[in-house]
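A.B. asks: Sequence and predicted structure are below.
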Amino acid sequence: MKKKIIYSGIQPTGNLHIGNYLGAVKNWVTLQNSGEYECYFCIVDYHSLAGNISAKDRHDQIIRTAAELIAAGIDPEKSVFYVQSHVPEHTELAWVFNTVTPIAELERMTQFKDKSEHQAKNINAGLFTYPILQAADILLYHGTHVPVGIDQVQHVELTRDVSRWFNKRYDKYFPETKALLTEIPKVMSLLEPMKKMSKSLGEGHVIELADEPEVVSKKLKKAVTATEGGDKAPGVENLLTLLEQFGSKEASSKFKEAEKDGSIRYGDLKSALANEISNYFADFRTKRNELLEDHDKIAEILMEGAKKASEVAGSTMNDVRKMVGIR
Ligand code: TRP
C-alpha cells in the first residue's frame, strides 16, 4: 500500500493562538509522531501577500511562526518543514491549475467572501485565486490527507476537484485529497464567543501560546460568560471545552457538573483554566524564546526543509510540464 502523505500549511500571522493549536498544530504533531505518514508542513508566505500586512511585519512573522511551530513540536528531522516561497514551483503549478478551474467554483468559496468583507479596500485577484495556490501546495507533494480546521474543508474539497479537472483534461496523475478534521475543530473568541477565535478580532479575543501566565489569567478574567437569550452560554461552553483540552478530565467534569446544578463559579473556572493553560505551554515558552535568540539557526532549518521539498516539487513540475505539453 502507498504511504499516506500529510500536507498542511499555516499563514505567518504572528504568534500562534490556542485556536490554531487545537484546530491544527496539535494534530500535526500527533500525526508526525505516529510515524505512519510522510509529512509536509509549510509556512505559506505567498498566501499572506493577499492580506494587508506590511513587508517588515511579514518577515518577522515568518521567523516567529517557524520558531513557534518547532517549539510546539514540529520536528524538522521527521517532517519536511519549510517556507512556501523558498520553493517557486508552488506558484508555477498554481498557474496551471488556474487554467483548469472554473471561475464559478471560486466564487462559491466562503473564505473569499469573508475576507473580501474584512478587507473591502483590498479585494485583490490573489484573494480570489487563493484556494488554487492552496491546491498547488498540496498536490505538488501528492498530498492525500490535509489536517486542518473545519473552515478549510471547502478549500480541501476544491483541491480534490482541481485534481479531478486536471486528471480529466490531461492524465490521471494527481491523487484524491481529503481533509482530516481534528476532534475540536472550533475554539471561540473569549470576548465574542459566537465568533471563531481569531487574531483579527483583536488581542483580548485570543490566548497566544507565548502568553505569560499573568497575561493568560488577565485575558480569561475578561472572558464573556453571560447568556444572550438562550439557556446555554456559549462563552461558558468554550471555557469548559478548553479546560477539557488543557486540563484533567476530573477538573473538567467537576465544572461541568457544577454548571448543570447551577453551583458553578465562573471565577473559579477561569482561574483553574488559566493555570492549566500556563502549565501546558511552559516548555513551549522556554523553547520558543531560546530559538528566537538564534535567527541564523532558524534560517538554516528552513533552508534544509526547502531543499527536501524542492526535490519533490521539482519532479512533480517536470511531469506536469510534459503532461500539458510545454516541454
Ligand atoms: N488556507 C489555509 C488557512 O487559511 C492555509 C493553507 C495554505 C493551507 N495552503 C495550505 C492549509 C495547504 C492546508 C494545506 O489556514
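C.D. replies: Sure thing, it's come through. Numbers count the residues shown, from 1 in each chain.
A.B. asks: buried set for stretch 205-218?
C.D. replies: For stretch 205-218, a neighbour-count test (16 or more other Cβ atoms under 10 Å) marks His205, Val206, Ile207, Glu208, Leu209, Ala210, Asp211, Val216, Ser217 as buried. Every residue, glycine included, has its C-beta placed from N, CA and C.
A.B. asks: What of stretch 27-40?
C.D. replies: Neighbour-count burial for stretch 27-40, counted by 16+ other Cβ under 10 Å, picks out Asn27, Trp28, Val29, Leu31, Gln32, Tyr37, Glu38, Cys39, Tyr40.
A.B. asks: That one and the ligand, are they touching?
C.D. replies: No. Taking Cβ under 6 Å from any ligand atom as the criterion, stretch 27-40 and the ligand are apart, separated by no less than 8.9 Å.
A.B. asks: so who does the residue nearest to Asn238 when sequence neighbours are not counted touch?
C.D. replies: Nearest-residue entry for Asn238: Met188, 4.3 Å, with adjacent residues in sequence omitted and distances by Cβ to Cβ, 6 or more residues apart in numbering. Shown in contact with Met188 (Cβ atoms under 8 Å, 6 or more residues apart in numbering): Met194, Lys195, Lys196, Met197, Pro234, Gly235, Glu237, Asn238.
A.B. asks: Using PyMOL, make a named selection holding only the buried ones among the residues you listed.
C.D. replies: To isolate the buried ones among the contacts of Met188 in PyMOL, judged by 16+ other Cβ under 10 Å, type:
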select buried, resi 196+197+234+235+238
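A.B. asks: Just the ones of the contacts of Met188 in strands?
C.D. replies: The strands, defined by DSSP state E, take in nothing from the contacts of Met188.
A.B. asks: What distance do you get for the residue nearest to Asn238 to the ligand?
C.D. replies: Separation of Met188 from the ligand (Cβ to the nearest ligand atom, to the nearest Å): 17 Å.
A.B. asks: what's the answer for Gln32, then?
C.D. replies: 15 Å.
A.B. asks: got the contact list for whichever strand or helix holds that residue?
C.D. replies: Following DSSP states H and E, one finds Gln32 within helix 26-34. Residues outside helix 26-34 that contact it (Cβ under 8 Å, 6+ apart) are 6, 8, 37, 39, 41, 72-75, 78-79, 147, 180, 182.
A.B. asks: Can you give the domain ranges for this structure?
C.D. replies: Domain segmentation of the chain under automatic domain parsing yields 4-186+295-324, 199-284.
A.B. asks: For those domains, which has the smallest mean pLDDT value?
C.D. replies: Ranked by mean pLDDT, the domains of the chain bottom out at domain 199-284, which scores a mean of 92.
A.B. asks: Give me the distance between the two termini of that one.
C.D. replies: This stretch, domain 199-284, spans 20 Å end to end (Cα to Cα, to the nearest Å).
A.B. asks: repeat for stretch 200-216
C.D. replies: So stretch 200-216: terminal residues 18 Å apart, Cα to Cα.
A.B. asks: Is the ligand within reach of that stretch?
C.D. replies: No. Counting by Cβ under 6 Å from any ligand atom, the ligand is not contacted by stretch 200-216; separation bottoms out at 11.7 Å.
A.B. asks: distance between that stretch and the chain's centre?
C.D. replies: Stretch 200-216 has its C-alpha centroid displaced from the chain centroid by 17 Å (Cα atoms, centre = their mean, to the nearest Å).
A.B. asks: for stretch 285-300, same thing?
C.D. replies: Centroid separation for stretch 285-300 versus its chain: 21 Å, with Cα atoms, centre = their mean.
A.B. asks: cool, and stretch 74-90?
C.D. replies: That offset, for stretch 74-90, works out to 15 Å (Cα atoms, centre = their mean).
A.B. asks: just stretch 83-102 next, same as before
C.D. replies: 20 Å.
A.B. asks: Endpoints of it, how far apart?
C.D. replies: End to end - Cα to Cα - stretch 83-102 spans 28 Å.
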